[in-house]
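[1] Based on what follows, work out the 3D shape:
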Amino acid sequence: MQSVRLRETQWKRRKTRWRNNNNRGAVEHGEVVAMKKLMLLSLFVLAAGLLVVGCGGGDQGGEKPAPGASAVKVEAKSQTLCPVMGNAIDKNLYVDYEGKRIYVCCPPCVDTFKADPEKYMKILLEQGVTLADVPAGSN
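    The predicted structure follows:
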């Protein structure tokens with residue numbers, strides 16, 4: 001009987017020692033429960049937010065792109081900068097090239113554009129500029 005008590009005592013000491021060693025710096029049970037509740041609440045709020053955003057984030061216009069068409073919408077913008085110098089354009093100075101009217105900022109840019117029009121057309125295309133058509137009756 002004494003050996004059983006000795007074993008029980010030794011077991012309790014070992015158990016206590018193990019708890020003391022493993023719980024250094026650990027949080028109390030109540031703090032663990034509170035932390036779990038907080039994490040569960042945060043997860044719930046996150047899921048609810050994603051649900052709301054997912055339901056309202058669709059295309060509101062109702063328009064669907066044609067099959068094979070690019071889903072990226074390119075906003076057409078008019079020309080505001082000279083393709084040669086990058087300055088603001090002068091509506092009185094322009095070059096007509098392949099049915100399009102290209103505005104420039106100064107008279108020297110007219111000659112520069114005419115020397116290498118493809119280079120400057122590429123610049124305008126990369127900027128996403130929609131060029132004006134040459135007005136009817138213009139030479």
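
[2] list the buried ones in the top helix by length along the chain?
    Longest helix in the chain by number of residues, with DSSP state H as the criterion: helix 29-56. Residues of helix 29-56 classed as buried by neighbour count (16 or more other Cβ atoms under 10 Å): none. Every residue, glycine included, has its C-beta placed from N, CA and C.

[3] Which helix or strand lies directly C-terminal to it?
    For helix 29-56, the following helix or strand on the C-terminal side (DSSP states H and E) is strand 90-97.

[4] Okay, now the sheet partners of that following strand, with direction.
    Under the criterion DSSP bridges, strand 90-97 sits next to strand 100-104 (antiparallel) in its sheet.

[5] mean confidence for the strand it pairs with?
    Summarised as a single mean, pLDDT over strand 100-104 is 92.

[6] quick check: angle from the next helix or strand after it to strand 90-97?
    Using DSSP H and E, the helix or strand that directly follows strand 100-104 along the chain is helix 107-115. Helix 107-115 runs at 20 degrees relative to strand 90-97, counting by axes from the mean of the first three to the mean of the last three Cα atoms, to 10 degrees.
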